[in-house]
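Q: next come a sequence and a model predicted from it.
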Amino acid sequence: MAQISVIIPTLNAAQCVSETLESVDIPSLVVERLVVDGGSDEETRSVATAAGARIIEGHQRGRGMQLAAGAAAAQGGWLLFLHADTVLQDGWATEAERFVVQQGAGNCAAAFRFGL
């Protein structure tokens, strides 16, 4: 079974991060949900903690720095990076697991198509 770490960089995302975290709450697939906060001055960290995420303090602002900090802290064999306002559709876990099984343990990358 694939073990995915979900990494979400945030900055003042209290209004949306809870729904994002809920959309990836799949205990059989997602080993952890990491929120890497870039210094929010509102309730992002407490909202994310209440939703079950582990908070990583991004000591330097900037999405790239936050993504790197999340990747360094992650314990899963696969990393899934999401924006704080991305809500994955039903069925995403089946597709992700299918991809992981097909690719095995090699160095791989994948991208999603977005629909509005």
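A: Arrived safely.

Q: going forward, measure contacts and count neighbours with C-alpha atoms only.
A: Noted.

Q: for residue 19, identify the helix or strand it belongs to.
A: helix 17-23 (DSSP states H and E).

Q: and the next helix or strand past that helix?
A: strand 30-37.

Q: distance from stretch 8-24 to the middle of the chain?
A: 9 Å (C-alpha atoms, centre = their mean, to the nearest Å).

Q: follow-up on the earlier one: now the helix holding residue 19: average pLDDT?
A: Mean pLDDT, helix 17-23: 98.

Q: now for it, which elements pack on it?
A: helix 44-50 (3 or more C-alpha pairs under 8 Å, 6 or more residues apart in numbering; DSSP states H and E).

Q: tell me the buried residues in the helix it packs on?
A: 44-45, 47-48 (16 or more other C-alpha atoms under 10 Å).

Q: now that helix: mean pLDDT?
A: Here helix 44-50 scores 98 as its mean pLDDT.

Q: for that helix, name the packing helices and strands.
A: Helix 44-50 sits against helix 17-23, strand 30-37, strand 54-57, with contacts defined as 3+ C-alpha pairs under 8 Å, 6+ apart.

Q: can you give me the pLDDT of residue 112?
A: pLDDT, read off for residue 112, is 62.

Q: try residue 81
A: 96.

Q: residue numbering should commence at 39 henceforth.
A: Taking 39 as the first residue, the last one we looked at is residue 119.

Q: with adjacent residues omitted, what lies nearest to it?
A: residue 45 (4.8 Å; C-alpha to C-alpha, 6 or more residues apart in numbering).

Q: ok, that neighbour - contacts?
A: 71-74, 105, 108-109, 112, 117-120 (C-alpha atoms under 8 Å, 6 or more residues apart in numbering).

Q: need the three-state assignment for it.
A: Put simply, residue 45 is strand when judged by DSSP: H, G, I helix; E, B strand; the rest coil.
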